[in-house]
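*Asks:* Turn this into a model:
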Amino acid sequence: MKEFLAKRWFLLALVVVFALGLIVHEECATWAENKPFRNATVFTVLFLMAVSLNLRDLSSGILRPRGTLLAVVMNYGVLPLILWAVTCLIGNPEFEGLRGGLLVVAVTPCTLVSASVWTRRAGGNDSIAIMVTLITNLLCFVIAPLWLLLFFGTDVELKTSFSEMVLKLGLLVVLPMVLAQLTRTHRRWANWATENKSKMGIAAQCGILTMVFLGAIKVGPEVVGAQATDGIILIGIALAVVLFVHIVVFWLGIAIGGWIKLSREDAVAVGFAGSQKTLMIGLLICLDLGVLVIPIVLYHVSQLIVDTLFADHLRAQKPRVPAIVETVFEQS
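*Replies:* Numbering: from 1, shown residues only. Here you go, the predicted model:
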């Protein structure tokens with residue numbers, strides 16, 4: 001039981017914190033409106049997560065850039081288009097907040113930690129996953145607003161907030177990552193960050209839970225005020241969509257990797273890095289736009305569970321390629 005809790009405490013905490021936020025949303029409504037606190041939380045979490053990234057681990061991703069480029073295209077090109085196409089099928093005006101939340105998932109960059117961890121667990125090239133993490137997060141201050149502008153059209157309110165979103169993501173996402181890597185240029189600080197990587201990871205996860213709590217407070221009136229049937233339908237649709245998109249993009253990335261003759265390790269990295277999305281930045285954008293945070297929370301939780309199964313499956317097959325792309329490799 002202790003081992004299970006040690007490995008899954010964050011997933012359990014996500015459920016508890018989100019439920020708690022819904023329950024106390026009236027009493028804690030002012031907390032969700034405290035933007036300085038929210039921004040400081042995001043900045044701190046991203047700094048803690050980025051300071052443990054060692055740029056020396058990127059050599060393979062730089063020397064063999066095709067896998068990195070493919071994963072970036074999958075994460076910031078193919079996945080948004082697939083998710084946008086799926087959301088077009090949600091025509092009910094009552095689910096407009098859900099549709100907006102799903103579109104935010106589409107424009108969110110790759111997760112900072114789990115993509116490389118799961119890639120390594122599956123026997124893949126984790127340097128590609130780290131490269132994709134850095135590229136997508138450093139570019140998100142431009143790419144995310146552009147995608148949102150395309151998705152939501154020429155809406156006046158969104159159009160006026162475009163420059164603000166670029167500036168905000170630049171300050172809260174790019175700046176802490178740059179500062180974190182500058183900190184690592186000092187050998188003593190770099191060694192300390194490496195030695196305390198797990199502790200900083202726990203602190204960062206606590207910050208993420210704080211943002212989940214604030215997000216639950218924000219959407220509390222809409223979720224709690226809905227009828228039980230509507231709430232179940234909303235969550236069911238969101239879960240079905242995020243699972244479908246994540247699984248399709250995961251295996252599609254591996255299949256394309258085999259088709260362009262990437263090594264097995266690189267193709268596996270494309271699968272994970274091309275389909276995973278970070279929770280922290282997604283929550284920030286959802287709260288700023290006023291859309292439901294449920295899709296990004298469900299995407300994050302489901303990707304951790306599903307990718308654990310995929311990683312174990314791929315590791316068991318090593319050195320063979322996964323069955324879904326075996327034919328592709330043979331024909332290439």
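*Asks:* residue ranges with poor pLDDT in the stretch 151-300 of the chain?
*Replies:* Scanning the stretch 151-300 of the chain with the threshold set as pLDDT under 70 gives 154-162, 222-230.
*Asks:* Show the residue spans covered by the helices in it.
*Replies:* Secondary structure of the stretch 151-300 of the chain by DSSP state H, counting those that start in this stretch: the helices cover 156-160, 162-169, 175-183, 187-195, 197-225, 228-259, 264-275, 279-289, 294-317.
*Asks:* With only the CA atoms kept, save the third one in CSV.
*Replies:* So that's helix 175-183. The C-alpha coordinates for helix 175-183 follow below in CSV (Å, rounded to 0.1, in the frame of the first residue of the first chain):
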residue,chain,number,x,y,z
LEU,A,175,11.8,33.6,-18.3
PRO,A,176,11.8,31.1,-15.4
MET,A,177,13.2,28.4,-17.7
VAL,A,178,16.0,30.7,-18.9
LEU,A,179,16.8,31.7,-15.4
ALA,A,180,16.8,28.1,-14.3
GLN,A,181,19.4,27.1,-16.9
LEU,A,182,21.5,30.2,-16.1
THR,A,183,21.5,29.0,-12.5
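*Asks:* right, and V104 touches I285 too?
*Replies:* Yes: with contact defined as CB atoms under 8 Å, V104 counts as touching I285 (5.0 Å). For the C-beta atoms, the positions are set from N, CA and C on the backbone; glycine is no exception.
*Asks:* returning to what we had before: just name the most buried of the helices of the stretch 151-300 of the chain.
*Replies:* With neighbours defined as mean count of other CB atoms under 10 Å, the helices of the stretch 151-300 of the chain peak in mean count at helix 264-275, which reaches a mean of 30.
*Asks:* Show me what that helix is packed up against.
*Replies:* On a contact count with 3 or more CB pairs under 8 Å, 6 or more residues apart in numbering; DSSP states H and E, helix 264-275 meets helix 65-73, helix 114-121, helix 126-152, helix 228-259, helix 294-317.
*Asks:* Turn those helices into a markdown table, columns for distance to L98.
*Replies:* Output for these, formatted as a markdown table (distance: least, CB to CB, whole Å):
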| stretch | distance to L98 |
| --- | --- |
| helix 65-73 | 27 |
| helix 114-121 | 24 |
| helix 126-152 | 14 |
| helix 228-259 | 6 |
| helix 294-317 | 7 |
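*Asks:* that older thread, now for V104 and I285: what residues contact both?
*Replies:* When contacts are counted by CB atoms under 8 Å, 6 or more residues apart in numbering, V104 and I285 are jointly contacted by L148.
*Asks:* what are the phi and psi angles of I260?
*Replies:* When quoted as degrees, to the nearest 10, the phi and psi of I260 stand at phi -90, psi 10.
*Asks:* scratch that, V293 is what I was asking about
*Replies:* Here the main-chain torsion angles of V293 (degrees, to the nearest 10) amount to phi -90, psi -10.
*Asks:* what number of residues lie near it?
*Replies:* Other residues lying near V293 total 27 when counted by other CB atoms under 10 Å.
*Asks:* now it: how far from F213?
*Replies:* Taken as CB to CB, to the nearest Å, the spacing of V293 relative to F213 amounts to 10 Å.
*Asks:* what's the spacing between the closest residue to R120 other than its chain neighbours and I90?
*Replies:* Using CB to CB, 6 or more residues apart in numbering and skipping the chain neighbours, the partner closest in space to R120 is D126 (4.3 Å). D126 sits 36 Å away from I90, taking CB to CB as the criterion.
*Asks:* Look at these two and report which has more neighbours.
*Replies:* The residue with more neighbours, out of D126 and I90 and counting by other CB under 10 Å, is D126; that gives 25 against 16.
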